[in-house]
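Colleague: need a structure here:
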Amino acid sequence: GAKVNGRIVPLRTRLKNGDIVEISTQTGHAPSRDWLSFSGVVQGPHVYVVANAKGGAGKSTFTANLAVLRAQEGRRVLLLDLDPQGHLATLLRMPVDPSRTTAQLLDEELRLARNHPQFQERWHTLWSDLLQPIPHESTDEALSRVFLVPAHNDLQDLERANFHRTKPVEYALKEAITAL
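Modeller: Okay, the predicted model is just below:
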């Protein structure tokens with residue numbers, strides 16, 4: 001059975017953002033891996049955040065491996081590297097053009113007000129310029145579904161220059177992803 005927000009509900013119950021779900025199983029059993037698909041919960045993109053302040057913890061390696069696994073499942077994968085060291089691009093053997101990095105997504109001067117008539121068009125153009133397929137052999141179909149917006153050390157400069165920004169970086173990133 002299942003509980004949503006502390007109440008027992010049928011498995012077909014539609015979930016809302018923020019619901020707390022508990023799945024009950026018999027001792028020694030686990031919930032089916034297909035339960036989320038069955039319940040209709042999963043719609044739209046999945047967002048994974050891999051963060052750790054400690055260097056050398058394997059964040060880039062884990063992220064690249066997760067991206068490949070998701071691509072092998074048939075999903076399109078977008079990687080946004082927010083680490084100024086840019087190890088994800090290095091790991092994926094991608095050259096980095098400093099004019100096509102996550103810094104452009106977060107640069108307040110490049111963004112338009114949400115009510116601006118060209119708001120959506122501006123984001124579309126920006127995403128078209130920044131999305132880069134990762135290099136792969138033509139025989140590897142899964143990797144053709146993985147895209148990266150790499151980081152560059154200019155992220156550090158942007159952070160220092162925009163310390164007084166009107167919106168925190170988290171909101172700029174959310175706005176960028178929503179527009180995608």
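
Colleague: What pLDDT does the model give the residue nearest to A89 when sequence neighbours are not counted?
Modeller: Distances taken as CB to CB, 6 or more residues apart in numbering put P150 closest to A89, at 3.9 Å, once the chain neighbours are dropped. In this view, the C-beta of every residue, glycine as well, is placed from N, C-alpha and C. P150 is assigned a predicted lDDT (pLDDT) of 90.

Colleague: got any ranges where the protein has weak pLDDT?
Modeller: Confidence mapping of the chain against pLDDT under 70 gives the ranges 1, 23-44, 108-115, 158-171.

Colleague: run the last query once more with 80
Modeller: Scanning the chain for pLDDT under 80 picks out 1-2, 10-49, 51-55, 105-124, 138-139, 154-180.

Colleague: The most centrally placed residue in it and K174, how far apart?
Modeller: By CA atoms, centre = their mean, the chain has its centre lying nearest to V47, at 4.7 Å. According to CB to CB, to the nearest Å, V47 stands 10 Å off from K174.

Colleague: now swap in V77 and tell me
Modeller: Distance from V77 to K174, counting by CB to CB: 19 Å.

Colleague: These two: who's more crowded?
Modeller: V77 (23 against 13; other CB atoms under 10 Å).

Colleague: How much space separates that one from L92?
Modeller: 11 Å.

Colleague: Tell me where this structure has helices.
Modeller: Here the chain has its helices, by DSSP state H, at 35-39, 59-72, 87-91, 102-106, 119-130, 154-161, 169-179.

Colleague: A67 - nearest residue in space that isn't next to it in sequence?
Modeller: Once flanking residues are discounted, A67 sits nearest to V77: 4.6 Å by CB to CB, 6+ apart.

Colleague: Let me see the contact set for that neighbour.
Modeller: Neighbouring residues of V77 by CB atoms under 8 Å, 6 or more residues apart in numbering: A67, R70, A71, R145, V146, F147.

Colleague: Done for today, thanks.
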